[in-house]
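**Q** here's a sequence, model it:
(one chain, ligands or ions: 2)
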Amino acid sequence: MENIQNLKKDGIPITIIGLPYAGKTTLVNWIKEGRFTRPKPTIGVNFEEIKIGNVNFSVFDISGQTSFRSTIWKSYVMTSVGIIFVIDSADREQLEEASKWFWVMVDEWLEGNYTDKVILFLANKSDLKRALNLDEIIEILNLTKMSQHQSLSFQFFKTSIREPKNIDYALKWFVSKVKNLIDIQKTNPRALLITDIDGNILNLYDPENIVEDSNMFVGYLNALSGFTNELLGHDRFKVIKVDPYYYLISEENKHVVSIAVDDEQALPEARRLSFLVNEFISKNQKNLTKDKLVKFVNSIVE
Ligand SMILES: Nc1nc2c(ncn2[C@@H]2O[C@H](COP(=O)(O)OP(=O)(O)OP(=O)(O)O)[C@@H](O)[C@H]2O)c(=O)[nH]1
Ligand SMILES: [Mg+2]
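**A** Ligands and ions are numbered 1, 2, ... in the order given. The predicted model follows:
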């Protein structure tokens, strides 16, 4: 299984999720080979580097199996820029379940308000006779509610990979949105600092020496954590401005990750990077060494 820890910055990270048999891998194969295939069910995560137009993508096509949804799906969604959610529009029995997971993603994981995600919803297999029409799907999945989440870039399409129908059109929308987002956010952090909760530095990526006096910074963090044992609470972020930079601070398993960026527009990318670091820390909790951490951080920053 491709491990999220190996996520490199080579391609723009894209995640494809949806229940089993929806057509996720068929979609990946279609993009790669330009033909309709009948893949076997995916076990784990299928990773592909794909070029669409002149843009490189790192595509994570994830198994739809139940056991993957609350953990693996979430990790990849949080650390991706684009998400493609695929449903089988002929499988009426599974629509409620698909709807449930779509809204878990939007409301719980993305809290409905992320500006750094593009979501493409595909009502696939529209070629099948028993496929529901788009209006029915919109109603069952309550997709009009997405208009309340205007910060998320969202679009739905009725598609068939078999015919093929609408796929090019849908992907065109998706690629251009993702590319715009990346152009806006494109930035390497100025600094990435990891400390333990007492302020001891475990990693410091600081090529331009902007965290000159990390004691000051650590002092600030200590002052914050002095009030509560938990600095920020789970999956929460705090942004502080210490001119001329913005610092995004997050906490995971008694580690504090602080990322400095130039401007507000780069904060979503900083948040994505902190998810990657937090993920790494959680997974390596038992045998985390400073060396490992430094190596990992170097692999996600340029
Ligand atoms: N009729 C029709 N069949 C399709 C279409 N897209 C995919 N399929 C078929 O649906 C079946 C399941 O497709 P997969 O791509 O393996 O499904 P998946 O979403 O990757 O499933 P998991 O990997 O198990 O989560 C395959 O036999 C595909 O050929 C479509 O647009 N129309
Ligand atoms: Mg698959």
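**Q** what's the neighbour count on Lys254?
**A** 14 (other CB atoms under 10 Å). Where C-beta positions appear, they are placed from N, C-alpha and C, glycine not excepted.
**Q** contacting residues for it?
**A** Contact analysis of Lys254 by CB atoms under 8 Å, 6 or more residues apart in numbering lists Asp196, Ile197.
**Q** find me the pLDDT at it, would you?
**A** With respect to pLDDT, Lys254 scores 79.
**Q** tell me how far it lies from ligand 1.
**A** Distance of Lys254 to ligand 1, given as CB to the nearest ligand atom, to the nearest Å: 36 Å.
**Q** let me know the secondary structure of Thr115.
**A** Under DSSP: H, G, I helix; E, B strand; the rest coil, Thr115 falls in the coil class.
**Q** now it, nearest residue through space, not along the chain?
**A** With CB to CB, 6 or more residues apart in numbering as the criterion, Thr115 has its nearest non-adjacent residue at 4.5 Å, and that residue is Ser151.
**Q** which residue ranges of the chain form helices?
**A** With helices called from DSSP state H, the chain shows them at 24-33, 66-68, 74-78, 95-103, 134-141, 167-185, 214-227, 267-283, 290-300.
**Q** wait, which of those is closest to Thr195?
**A** helix 214-227 (6.0 Å; CB to CB).
**Q** tell me how many other residues crowd the residue nearest to Thr115.
**A** With other CB under 10 Å as criterion, Ser151 counts 12.
**Q** and it, how far from Ile259?
**A** 21 Å (CB to CB, to the nearest Å).
**Q** got a list of what Leu95 touches?
**A** Neighbours of Leu95 in contact, by CB under 8 Å, 6+ apart: Ile87, Leu132, Ile137, Ile140, Leu141.
**Q** the same query, at a cut-off of 6 Å, please.
**A** Ile140 (CB atoms under 6 Å, 6 or more residues apart in numbering).
**Q** tell me the domain ranges of this protein?
**A** Following automatic domain parsing, the chain resolves into domains at 4-185, 191-300.
**Q** let me see the mean pLDDT of the longest one.
**A** On average, the pLDDT along domain 4-185 is 91.
**Q** and it, anywhere near ligand 2?
**A** Yes: Domain 4-185 reaches ligand 2 (CB under 5 Å from the ion) through Lys24, Thr25, Thr42.
**Q** I'd say the last one and Ile62 touch.
**A** No: no contact is recorded between Thr42 and Ile62 when judged using CB atoms under 6 Å, the distance being 7.1 Å.
**Q** neighbour count: these two, which is higher?
**A** Between Thr42 and Ile62, Ile62 has the larger neighbour count (other CB under 10 Å), namely 25 against 18.
**Q** what's near enough to touch the more buried one?
**A** Contacts of Ile62 (CB under 6 Å, 6+ apart): Ile17, Val45.
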